[in-house]
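**Student:** just need the structure, nothing else, for what follows:
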Amino acid sequence: MKVYLDNAASTRLRPEALNAMLAYMKNHFGNASSVHAYGRHMKAALELSRKNIAKHLNAKSNEIYFCSSGTEANNIALKLSVENLGIQRIISSKVEHKCVLNTCNYLHQKLNVQLDFVKTSSLGEVDFEDLEKLLSQDTKPTLVSLMHVQNELGSINDLEKISSLCTKYQALFHTDTVQSIGHWNFDLSKSNISFLSASAHKFNGPQGIGFLYKRNDIGLGTWLHGGGHERNLRSSTENIPGIVGMASALDLAYTNLVTDKEHILELRAQLKADLKELFPEISFNEAANCLYTILSVNFPSYISSDLLLFQLDLKGIAISGGSACSSGALKASSVLQELGFPENESTLRFSFSYETSMEDIKYLKMALKDLKNMKM
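**Tutor:** A predicted model of the protein is given here:
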């Protein structure tokens, strides 16, 4: 039996999204910038996908820009804000995804952009008092870049509260929503979010395609120069099959969001009960507000997370380690280290999708019981 519980890393492509893509891989091949019928057909698919994605976020279609990934979307927002919008200071946190952290560090080291880090709770939640303090103590043009959902722990930041503080202090606000798009309802018409990043493969769309939301009153400039695609932001012939697949997957994610959430919450509760039964010493890293698709677990110190990951993989079960092995020494991930997690704990992440079944959870329990009896 195969059990996949690493959906926070990547999800399986929905069959419906694949079918939508296949038509544009097999039968439709024109360039969306061409004026003939072949090109116009592709252009229509491109703009319909843009419109459908915007609809689910209550955004305007011309605020959606297609790119290759959430990583690229984050880079566009951060780098062009400095290059073209005069941003001299970035406020972020030390528990952001590497594509944000490394970009912020690059801008600090190479372009002398001031970089400040807001305090967080032990589970990665933004300290709002500290954020307001940082915003109030400097008048430089500022961009705040904070993720919606912490990808290792599932902790949720209040985007509206961050947005309100940014409005109060006239700062731009960029948020990485890669973990939450498709699993959380957004209304960008009522928000003051400046930039938002997403990636299709986190909500059962294809890999290698994502989008950036950019509020219309912000003129970001050009990221890739060329033929002027994506309204001059990112020149490059658009990946129409990927875009169509992404729009299809997002439509299904939001159409089924309520029922999928109920299903996943039931599975999540069962897994927690099973883990507590097998390992009474176990603990869970759950903020008061956390995303239902992620469960972060601290196993007792006598269990090696690397060995457990390996043994479960042999049994056909895929999960993610919150730690990494280097030169034979167990070290916590950079996020967990920053948050002060004990190095003698084995932290693992289980993450679910609409496809996860109760049979998957039962099989995982049996496998863990067998491994426990082996006294790893």
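**Student:** for the rest of this, base every contact and every neighbour count on C-alpha atoms.
**Tutor:** OK.
**Student:** for the protein, which spans come out with low pLDDT?
**Tutor:** Along the chain, the parts satisfying pLDDT under 70 run over 322-332, 343-345, 375-376.
**Student:** domain assignment for it?
**Tutor:** In the assignment given by automatic domain parsing, the structural domains of the chain cover 3-10+257-373, 15-255.
**Student:** pull the distance from the longest one to the chain's centre.
**Tutor:** The gap between where domain 15-255 is centred and where its chain is centred comes out at 10 Å by C-alpha atoms, centre = their mean, to the nearest Å.
**Student:** quick check: end-to-end length of that domain?
**Tutor:** Terminal residues of domain 15-255 lie 15 Å apart, using C-alpha to C-alpha, to the nearest Å.
**Student:** repeat that for stretch 231-246.
**Tutor:** Terminal residues of stretch 231-246 lie 20 Å apart, using C-alpha to C-alpha.
**Student:** still on that earlier bit, and the domains of the chain, which is most packed in?
**Tutor:** Stretch with highest mean neighbour count among the domains of the chain: domain 15-255 (a mean of 20; mean count of other C-alpha atoms under 10 Å).
**Student:** list the contacts of the residue at minimal distance from the centre of the chain.
**Tutor:** Central residue of the chain (C-alpha atoms, centre = their mean): Val178, 2.2 Å from the mean position. Taking C-alpha atoms under 8 Å, 6 or more residues apart in numbering, we find Val178 in contact with Gly70, Ser197, Ala198, Ser199, Lys202.
**Student:** wasn't it part of a helix?
**Tutor:** No. Note on Val178: no helix contains this position according to DSSP: H, G, I helix; E, B strand; the rest coil, which reports coil.
**Student:** roughly how far apart are it and Thr71?
**Tutor:** Between Val178 and Thr71 the distance, using C-alpha to C-alpha, works out to 9 Å.
**Student:** now Pro206
**Tutor:** From Pro206 over to Thr71 the distance is 15 Å, taken as C-alpha to C-alpha.
**Student:** so which residues of the stretch 151-300 of the chain form strands?
**Tutor:** Listed in chain order, the strands of the stretch 151-300 of the chain (DSSP state E, counting those that start in this stretch) span residues 172-176, 195-199, 210-214, 283-284, 294-299.
**Student:** these into JSON lines, with extra columns for distance to Tyr106?
**Tutor:** As requested, the strands of the stretch 151-300 of the chain are exported to JSON lines (distance: least, C-alpha to C-alpha, whole Å):
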{"stretch": "strand 172-176", "distance to Tyr106": "17"}
{"stretch": "strand 195-199", "distance to Tyr106": "19"}
{"stretch": "strand 210-214", "distance to Tyr106": "21"}
{"stretch": "strand 283-284", "distance to Tyr106": "34"}
{"stretch": "strand 294-299", "distance to Tyr106": "30"}
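**Student:** what segments of this structure are helices?
**Tutor:** Listed from the start of the chain, the chain has helices (DSSP state H) covering 15-26, 37-57, 70-85, 98-111, 128-136, 159-168, 240-255, 257-278, 305-314, 334-338, 358-373.
**Student:** biggest separation within the contacts of Val178, which pair?
**Tutor:** Maximum pairwise distance among the contacts of Val178 (C-alpha to C-alpha): 11.9 Å, between Ser197 and Lys202.
**Student:** identify the residues contacting stretch 260-279?
**Tutor:** By C-alpha under 8 Å, 6+ apart, the residues outside stretch 260-279 that reach it are 183, 282, 292-293, 295, 299-300, 352-354, 356-358, 361, 365, 368-369.
**Student:** what sits against Val144?
**Tutor:** By C-alpha under 8 Å, 6+ apart, Val144 lies in contact with Ile90, Ile91, Ser92, Cys166, Ala171, Leu172, Phe173, His174.
**Student:** got a list of what the residue nearest to Val297 when sequence neighbours are not counted touches?
**Tutor:** What sits nearest to Val297 in space, not counting adjacent residues and going by C-alpha to C-alpha, 6 or more residues apart in numbering, is Phe284, at 4.6 Å. By C-alpha under 8 Å, 6+ apart, the residues touching Phe284 are Leu295, Ser296, Val297, Asn298.
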